[in-house]
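K.L.:
below: sequence and its predicted model.
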Amino acid sequence: MEDILEKLVKAFGPSSKEEKVKGIVKEELKKCDCEINEDKFGNLVVHIPHDGPKLMLASHLDSIGFIVTDIDKNGLIRFTSIGGLRAAFLLGSRVLFENGIVGTVYHDDKDNPWEPKELKVEKFFIDIGAKSKKEAQALINIGTEGIFYPLYSRNGDRVISPSLDDRSGCAVLIELIRNVKKKNLKYDLYVVFTVQEEIGVKGARTSTYEITPDFGIAVDVTSALDYTDPHLNALELGKGPAIKVMDGGMITNIELRNELIEVSKKNKIPYQLEVITGGTTDAFAMQITKEGVKTAAVSIPTRYIHTQGEVVDLNDLKNAVSLIKSFIEK
C-alpha cells in the first residue's frame with residue numbers, strides 16, 4: 001500500500017484540480033470487479049453491486065493549496081489559500097504550480113523580515129525567481145493553483161509528506177477495494193473518492209444526495225497530538241485507526257460506531273477513540289444530506305495536518321483496511 005500512497009501524495013490535486021489523482025485511482029482499480037464512474041460534480045464513484053442495504057464509503061481526493069491573486073512589480077506572487085493553510089507554518093515552504101514552476105514562500109514584514117510578527121496569509125508571497133512582473137506573468141497567471149512541493153520520505157513505518165490529508169484515506173479505500181471479496185459482502189457497496197472536500201465537503205454532499213445510502217463511513221485523517229507533553233488529545237501514531245466519536249461538525253451514529261468497536265475487538269484490530277473539537281470530514285456532509293444518513297468515520301492519526309510535513313504511521317493505514325474490510329464482509 002505504500003507504493004500507492006507515494007503515487008497519490010506526489011500527484012498534483014488541490015481542490016477543483018483532482019484529475020491527476022483520479023487517474024491514479026482508476027489505474028490502480030482497473031483490474032477490480034467493480035463499476036467505476038465519474039458523476040456530474042467530478043466525484044469518482046466505485047460501485048460493487050450486491051444484495052443488502054447501501055453503504056457509502058468516502059475519502060477525498062483534493063488537498064489544500066495556494067491560488068494566485070496578484071503579481072507585484074517585482075514579480076512576487078501574491079496568493080490566498082485553498083482550504084485551511086496554516087500561516088504559522090508557511091514561512092520557507094516550497095510551492096509547486098501545476099505547470100512545474102517551483103517557488104518559495106516568504107513574508108513582507110518590512111519592520112522585521114527575519115521574524116515577522118503578523119502571520120496572516122495575505123502578508124505572504126511566493127518568489128519564483130522572476131526579475132519583474134512581466135517575467136512572472138509569462139509563467140504564472142491570476143488563478144493559477146499550487147500545492148506544497150510533494151517531497152515524500154519514509155523512516156521505518158513512518159511517512160512524512162504533504163497531502164497525506166487525505167491521500168491516506170484514498171490509499172486505504174483503494175487497498176480495500178482490491179482485497180474485498182464480493183461474495184462475502186453484507187452491503188450494496190459504493191466507494192466514493194470525493195472532490196472539493198477542503199473547501200466545504202462539497203463532493204460528499206452531491207454524491208450522498210445521488211446515492212442515498214442507508215449507512216455512511218468517511219475515511220480521513222485526524223490530528224494526533226502525541227508530540228505534546230502532556231498530550232492535548234488521546235490520539236497517537238501507530239496505536240491503530242481512530243473510530244470517531246465527535247469532531248467540530250458532528251457526533252457519529254452511536255450504533256454504527258459501536259459496531260465498528262465490536263468488529264475491532266472481535267478481530268483483535270487495534271483502534272483508538274477520537275474526540276476532537278475542531279475540523280470535520282465528509283462524514284458531516286453525509287450525515288445531514290436529504291433525510292439524513294447513519295454515519296460513522298474511521299480516521300488516520302496524523303501529525304502536523306495542513307503543513308508540508310504531515311506524518312502518519314503505515315500500520316494505522318493497514319489496520320484501517322482490516323477494520324473496514326471486517327465490517328463490510330460477512
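P.N.:
Arrived safely, thanks for sending. Numbers count the residues shown, from 1 in each chain.
K.L.:
next one: stretch 188-205 to chain centre, how far?
P.N.:
For stretch 188-205, the distance from its own C-alpha centre to the chain's C-alpha centre is 11 Å (C-alpha atoms, centre = their mean, to the nearest Å).
K.L.:
what about stretch 153-160, average pLDDT?
P.N.:
Here stretch 153-160 scores 97 as its mean pLDDT.
K.L.:
same check, this time on stretch 98-111
P.N.:
For stretch 98-111, the mean per-residue pLDDT is 89.
K.L.:
same deal with stretch 227-237?
P.N.:
Mean per-residue pLDDT for stretch 227-237: 88.
K.L.:
same deal with stretch 59-67?
P.N.:
On average, the pLDDT along stretch 59-67 is 98.
K.L.:
now that stretch: how far from the chain's centre is it?
P.N.:
7 Å.
K.L.:
over to stretch 52-64?
P.N.:
On the basis of C-alpha atoms, centre = their mean, stretch 52-64 sits 11 Å off its chain's mean C-alpha point.
K.L.:
in that stretch, what counts as buried?
P.N.:
Neighbour-count burial for stretch 52-64, counted by 16 or more other C-beta atoms under 10 Å, picks out 54-64. C-betas here are computed from N, CA, C, even on glycine.
K.L.:
what about the strands in the stretch 1-150 of the chain?
P.N.:
Taking DSSP state E, counting those that start in this stretch, the strands of the stretch 1-150 of the chain run over residues 35-38, 44-48, 54-60, 65-71, 77-82, 94-97, 102-107, 124-127, 145-148.
K.L.:
tell me the strands beside the next helix or strand after the last one, with direction?
P.N.:
Okay, so that is strand 145-148. Using DSSP states H and E, the next helix or strand after strand 145-148 towards the C-terminus is strand 153-155. In the sheet, strand 153-155 lines up against strand 158-161 (antiparallel) (DSSP bridges).
K.L.:
which stretch of helix or strand covers the most centrally placed residue in the chain?
P.N.:
Using C-alpha atoms, centre = their mean, the residue of the chain that lies closest to the mean C-alpha position is Asp166, 1.7 Å off. In this structure, Asp166 sits in helix 164-179 according to DSSP H and E.
K.L.:
for that helix, list the C-alpha coordinates in PDB.
P.N.:
Taking C-alpha atoms only, helix 164-179 is exported to PDB below (Å, rounded to 0.1, in the frame of the first residue of the first chain):
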ATOM      1  CA  LEU A 164      -1.400  12.800   3.500                       C
ATOM      2  CA  ASP A 165      -4.700  14.500   4.200                       C
ATOM      3  CA  ASP A 166      -6.500  12.700   2.600                       C
ATOM      4  CA  ARG A 167      -4.400  10.600   0.200                       C
ATOM      5  CA  SER A 168      -4.000   8.300   3.200                       C
ATOM      6  CA  GLY A 169      -7.800   7.700   3.200                       C
ATOM      7  CA  CYS A 170      -7.700   7.200  -0.600                       C
ATOM      8  CA  ALA A 171      -4.900   4.600  -0.300                       C
ATOM      9  CA  VAL A 172      -6.900   2.800   2.400                       C
ATOM     10  CA  LEU A 173     -10.000   2.600   0.200                       C
ATOM     11  CA  ILE A 174      -8.000   1.500  -2.900                       C
ATOM     12  CA  GLU A 175      -6.500  -1.300  -0.900                       C
ATOM     13  CA  LEU A 176      -9.900  -2.200   0.500                       C
ATOM     14  CA  ILE A 177     -11.500  -2.500  -3.000                       C
ATOM     15  CA  ARG A 178      -8.600  -4.600  -4.300                       C
ATOM     16  CA  ASN A 179      -8.900  -7.100  -1.400                       C
END
